[in-house]
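Enquirer: Need coordinates for the following:
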Amino acid sequence: MKTIACIVAALTLSLSLTGCNTWNGVKQDTKQAGQAAGKGVEKAGEKIQEVAK
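Expert: Coordinates of the predicted model:
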């Protein structure tokens, strides 16, 4: 099971890195993903506050 998880992680990493030609691209993609996640959490919090009223 541990071997399969390592293989999946390696494939995921290699596929994500092929989408970025440079390390700067990796950093930019990571930053954008973090911002998108933050916006999603913020919207969810707003909806929860609306429902709680």
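
Enquirer: And the contacts of the helix or strand residue 15 falls within?
Expert: Following DSSP states H and E, the helix or strand that holds residue 15 is helix 2-18. Under the contact criterion C-beta atoms under 8 Å, 6 or more residues apart in numbering, helix 2-18 has outside partners 26, 29. To be clear about C-beta, it is placed using only N, CA and C from the backbone, and glycine gets the same treatment.

Enquirer: so after that helix, what's the next helix or strand?
Expert: Immediately after helix 2-18, counting by DSSP H and E, sits helix 23-52.

Enquirer: the inter-axis angle of that next one versus helix 2-18?
Expert: Per axes from the mean of the first three to the mean of the last three C-alpha atoms, to 10 degrees, the angle that helix 23-52 makes with helix 2-18 is 110 degrees.

Enquirer: change the start of the numbering to 11 and stick with it
Expert: Sure, I'll start counting at 11 from here, so that last one is helix 33-62.

Enquirer: Which strands and helices lie in contact with helix 33-62?
Expert: helix 12-28 (3 or more C-beta pairs under 8 Å, 6 or more residues apart in numbering; DSSP states H and E).

Enquirer: No more questions from me, cheers.
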